[in-house]
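A.B. asks: My questions are about this predicted structure, shown below with the sequence.
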Amino acid sequence: MRNILLVISGPSGVGKGTMVQRLSETGEFAFSVSCTTRAPRAGERDGVEYFFLDKEQFERKIAENEFLEYDNHFGNYYGTPRSFVEETLKEKSVLLDLDVVGALSVKKTYPGAVLVMLIPPSIDALKARLIGRHSESEEQLRIRLSRVDYELSLKDRFDYCVVNDTVEATKDILLKIISEEMNREERRNRP
Ligand code: 5GP
(Lines give C-alpha, C1' and ligand atoms only; values in the text may rest on other atoms or scores of the structure.)
Protein backbone atom coordinates (compact mmCIF):
# COMPACT_ATOMS: atom_id res chain seq x y z
CA MET A 1 0.00 0.00 0.00
CA ARG A 2 1.25 3.49 -0.76
CA ASN A 3 0.57 6.67 1.14
CA ILE A 4 -1.54 9.01 -0.95
CA LEU A 5 -2.03 12.74 -1.05
CA LEU A 6 -5.80 13.05 -1.40
CA VAL A 7 -7.26 16.43 -2.30
CA ILE A 8 -10.97 16.98 -1.75
CA SER A 9 -12.07 19.97 -3.76
CA GLY A 10 -15.12 21.59 -5.30
CA PRO A 11 -17.12 24.80 -5.06
CA SER A 12 -17.70 26.49 -1.75
CA GLY A 13 -20.67 24.89 0.03
CA VAL A 14 -20.51 21.57 -1.84
CA GLY A 15 -19.85 19.65 1.39
CA LYS A 16 -16.06 19.24 1.43
CA GLY A 17 -15.83 19.86 5.17
CA THR A 18 -18.29 17.09 6.06
CA MET A 19 -16.60 14.64 3.73
CA VAL A 20 -13.15 15.48 5.05
CA GLN A 21 -14.42 14.91 8.57
CA ARG A 22 -15.85 11.51 7.62
CA LEU A 23 -12.64 10.46 5.90
CA SER A 24 -10.54 11.65 8.85
CA GLU A 25 -12.62 9.42 11.12
CA THR A 26 -11.40 6.35 9.21
CA GLY A 27 -7.97 6.89 10.75
CA GLU A 28 -6.32 6.39 7.35
CA PHE A 29 -5.39 10.06 6.90
CA ALA A 30 -3.66 12.94 8.57
CA PHE A 31 -5.61 16.11 7.77
CA SER A 32 -3.44 19.02 6.70
CA VAL A 33 -4.65 22.10 8.57
CA SER A 34 -4.37 25.14 6.29
CA CYS A 35 -3.47 28.68 7.28
CA THR A 36 -5.94 31.45 6.56
CA THR A 37 -6.42 35.13 7.19
CA ARG A 38 -10.20 34.84 7.27
CA ALA A 39 -11.87 35.31 10.64
CA PRO A 40 -12.86 32.14 12.52
CA ARG A 41 -16.52 31.13 12.23
CA ALA A 42 -18.47 30.28 15.36
CA GLY A 43 -17.03 27.07 16.83
CA GLU A 44 -13.85 27.04 14.74
CA ARG A 45 -10.66 26.47 16.74
CA ASP A 46 -7.18 27.68 15.92
CA GLY A 47 -5.05 24.74 14.85
CA VAL A 48 -8.03 22.45 14.24
CA GLU A 49 -10.05 23.80 11.30
CA TYR A 50 -7.37 26.34 10.36
CA PHE A 51 -4.38 28.17 11.70
CA PHE A 52 -5.77 31.70 11.87
CA LEU A 53 -3.11 34.26 10.97
CA ASP A 54 -3.11 37.96 10.27
CA LYS A 55 -2.08 39.26 6.87
CA GLU A 56 1.43 40.12 7.99
CA GLN A 57 2.08 36.69 9.48
CA PHE A 58 0.74 35.04 6.32
CA GLU A 59 2.86 37.18 4.01
CA ARG A 60 5.95 36.39 6.07
CA LYS A 61 5.30 32.69 5.51
CA ILE A 62 4.88 33.32 1.77
CA ALA A 63 8.24 35.08 1.72
CA GLU A 64 9.83 32.16 3.56
CA ASN A 65 8.42 29.69 1.02
CA GLU A 66 6.48 27.87 3.71
CA PHE A 67 3.46 27.07 1.55
CA LEU A 68 3.06 24.19 -0.85
CA GLU A 69 0.43 26.38 -2.50
CA TYR A 70 -1.54 29.40 -1.45
CA ASP A 71 -4.23 31.57 -2.90
CA ASN A 72 -6.22 34.65 -2.12
CA HIS A 73 -9.90 34.13 -2.60
CA PHE A 74 -12.92 35.96 -1.27
CA GLY A 75 -10.47 38.61 -0.04
CA ASN A 76 -8.53 36.27 2.26
CA TYR A 77 -5.39 34.20 1.99
CA TYR A 78 -5.51 30.41 2.30
CA GLY A 79 -2.37 28.24 2.19
CA THR A 80 -1.17 24.67 2.69
CA PRO A 81 1.86 24.30 4.98
CA ARG A 82 4.58 22.60 2.94
CA SER A 83 6.57 20.89 5.68
CA PHE A 84 3.56 19.17 7.26
CA VAL A 85 2.60 17.57 3.95
CA GLU A 86 6.14 16.56 3.02
CA GLU A 87 6.99 15.09 6.41
CA THR A 88 3.67 13.35 7.04
CA LEU A 89 3.54 11.68 3.65
CA LYS A 90 6.60 9.66 4.60
CA GLU A 91 4.50 7.99 7.32
CA LYS A 92 0.87 8.32 6.40
CA SER A 93 -1.64 9.39 3.76
CA VAL A 94 -2.53 13.07 3.84
CA LEU A 95 -5.90 14.71 3.24
CA LEU A 96 -6.31 18.25 1.92
CA ASP A 97 -9.47 20.37 1.63
CA LEU A 98 -8.72 22.91 -1.09
CA ASP A 99 -10.46 25.14 -3.54
CA VAL A 100 -10.30 24.07 -7.16
CA VAL A 101 -7.35 26.27 -8.15
CA GLY A 102 -5.34 25.17 -5.09
CA ALA A 103 -6.02 21.53 -5.96
CA LEU A 104 -4.67 21.96 -9.48
CA SER A 105 -1.61 23.70 -8.17
CA VAL A 106 -0.86 20.82 -5.76
CA LYS A 107 -1.03 18.44 -8.73
CA LYS A 108 1.78 20.39 -10.40
CA THR A 109 4.06 19.80 -7.42
CA TYR A 110 2.80 16.29 -6.70
CA PRO A 111 1.70 14.67 -9.96
CA GLY A 112 0.77 11.61 -7.88
CA ALA A 113 -1.76 13.53 -5.81
CA VAL A 114 -5.29 12.19 -6.18
CA LEU A 115 -7.68 15.03 -7.00
CA VAL A 116 -11.37 14.60 -6.30
CA MET A 117 -13.90 17.24 -7.24
CA LEU A 118 -17.20 17.11 -5.38
CA ILE A 119 -20.01 18.27 -7.65
CA PRO A 120 -23.29 19.64 -6.28
CA PRO A 121 -26.41 17.69 -7.33
CA SER A 122 -27.72 21.02 -8.64
CA ILE A 123 -26.86 24.69 -8.38
CA ASP A 124 -30.04 25.19 -6.35
CA ALA A 125 -28.93 22.55 -3.86
CA LEU A 126 -25.57 24.30 -3.54
CA LYS A 127 -27.21 27.68 -2.98
CA ALA A 128 -29.54 26.19 -0.36
CA ARG A 129 -26.60 24.63 1.48
CA LEU A 130 -24.54 27.83 1.45
CA ILE A 131 -27.46 29.93 2.63
CA GLY A 132 -28.46 27.33 5.23
CA ARG A 133 -25.13 27.33 7.01
CA HIS A 134 -25.54 31.05 7.81
CA SER A 135 -21.80 31.57 7.87
CA GLU A 136 -21.42 34.17 5.13
CA SER A 137 -22.66 37.69 4.63
CA GLU A 138 -24.83 38.37 1.57
CA GLU A 139 -21.83 39.85 -0.19
CA GLN A 140 -19.65 36.81 0.60
CA LEU A 141 -22.42 34.51 -0.62
CA ARG A 142 -22.68 36.41 -3.86
CA ILE A 143 -18.92 36.20 -4.43
CA ARG A 144 -18.80 32.49 -3.63
CA LEU A 145 -21.72 31.70 -5.93
CA SER A 146 -20.27 33.78 -8.75
CA ARG A 147 -17.27 31.42 -8.92
CA VAL A 148 -19.22 28.17 -9.17
CA ASP A 149 -19.46 27.98 -12.99
CA TYR A 150 -15.76 28.66 -13.37
CA GLU A 151 -14.86 26.06 -10.74
CA LEU A 152 -17.06 23.39 -12.31
CA SER A 153 -15.60 24.17 -15.75
CA LEU A 154 -12.25 22.81 -14.49
CA LYS A 155 -13.65 19.40 -13.60
CA ASP A 156 -11.98 17.56 -16.50
CA ARG A 157 -8.61 18.25 -14.93
CA PHE A 158 -9.51 16.23 -11.84
CA ASP A 159 -8.85 12.51 -11.42
CA TYR A 160 -12.35 11.88 -10.11
CA CYS A 161 -15.62 13.84 -10.03
CA VAL A 162 -18.24 12.67 -7.57
CA VAL A 163 -21.74 14.10 -7.32
CA ASN A 164 -22.27 14.77 -3.62
CA ASP A 165 -25.86 13.67 -3.29
CA THR A 166 -25.93 12.08 0.14
CA VAL A 167 -23.08 11.95 2.62
CA GLU A 168 -23.14 8.16 2.99
CA ALA A 169 -23.23 7.42 -0.74
CA THR A 170 -20.41 9.87 -1.44
CA LYS A 171 -18.34 8.48 1.39
CA ASP A 172 -18.74 4.93 0.01
CA ILE A 173 -17.61 6.04 -3.44
CA LEU A 174 -14.61 7.85 -1.96
CA LEU A 175 -13.62 4.82 0.13
CA LYS A 176 -13.57 2.74 -3.04
CA ILE A 177 -11.43 5.31 -4.84
CA ILE A 178 -9.06 5.51 -1.87
CA SER A 179 -8.67 1.76 -1.64
CA GLU A 180 -7.86 1.50 -5.35
CA GLU A 181 -5.40 4.38 -5.22
CA MET A 182 -3.63 3.06 -2.13
CA ASN A 183 -3.23 -0.32 -3.76
CA ARG A 184 -1.73 0.99 -6.98
CA GLU A 185 1.83 -0.18 -7.18
CA GLU A 186 3.71 2.88 -8.21
CA ARG A 187 4.64 5.48 -5.66
CA ARG A 188 4.24 8.71 -7.57
CA ASN A 189 4.16 11.25 -4.80
CA ARG A 190 7.68 12.58 -5.22
CA PRO A 191 7.60 16.32 -5.89
P1 5GP B 1 -13.84 28.47 3.86
O2 5GP B 1 -13.62 29.95 4.05
O3 5GP B 1 -15.25 28.15 3.45
O4 5GP B 1 -13.35 27.64 5.02
O5 5GP B 1 -12.92 28.04 2.63
C6 5GP B 1 -12.99 28.71 1.42
C7 5GP B 1 -12.32 27.89 0.34
O8 5GP B 1 -10.92 27.83 0.61
C9 5GP B 1 -12.80 26.46 0.29
O10 5GP B 1 -13.04 26.15 -1.08
C11 5GP B 1 -11.66 25.66 0.86
O12 5GP B 1 -11.58 24.37 0.27
C13 5GP B 1 -10.49 26.51 0.39
N14 5GP B 1 -9.25 26.27 1.13
C15 5GP B 1 -9.08 25.88 2.42
N16 5GP B 1 -7.78 25.77 2.71
C17 5GP B 1 -7.11 26.08 1.58
C18 5GP B 1 -5.71 26.13 1.24
O19 5GP B 1 -4.82 25.85 2.03
N20 5GP B 1 -5.41 26.50 -0.02
C21 5GP B 1 -6.36 26.80 -0.95
N22 5GP B 1 -5.96 27.14 -2.17
N23 5GP B 1 -7.68 26.76 -0.68
C24 5GP B 1 -8.04 26.40 0.58
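C.D. replies: Yep, it's here.

A.B. asks: and the residue in the chain positioned nearest to the ligand, how many residues sit next to it?
C.D. replies: Nearest to the ligand, among the residues of the chain, is G102, at 2.3 Å (CB to the nearest ligand atom). Where you see a C-beta, it was placed from the backbone N, CA and C, and this is true even at glycine. Using other CB atoms under 10 Å, the number of residues around G102 comes to 23.

A.B. asks: Then C35?
C.D. replies: 20.

A.B. asks: Where does pLDDT dip in this protein?
C.D. replies: Applying pLDDT under 70 to the chain picks out residues 186-191.

A.B. asks: quick check: longest helix of it.
C.D. replies: helix 167-183 (DSSP state H).

A.B. asks: before we move on, the earlier item: please, which helix or strand holds the residue of the chain closest to the ligand?
C.D. replies: In this assignment (DSSP states H and E), G102 forms part of helix 100-109.

A.B. asks: ok, now which ones touch V100?
C.D. replies: Neighbouring residues of V100 by CB atoms under 8 Å, 6 or more residues apart in numbering: S9, G10, P11, M117, E151, L154.

A.B. asks: quick one: which of those residues is most hemmed in?
C.D. replies: G10 (28 neighbours).

A.B. asks: From S32, how far off is that residue?
C.D. replies: 17 Å (CB to CB, to the nearest Å).

A.B. asks: what do you get for V106?
C.D. replies: 10 Å.

A.B. asks: residues shared between the contacts of those two?
C.D. replies: Between them, V106 and S32 share the contacting residues T80, L96, judged by CB under 8 Å, 6+ apart.
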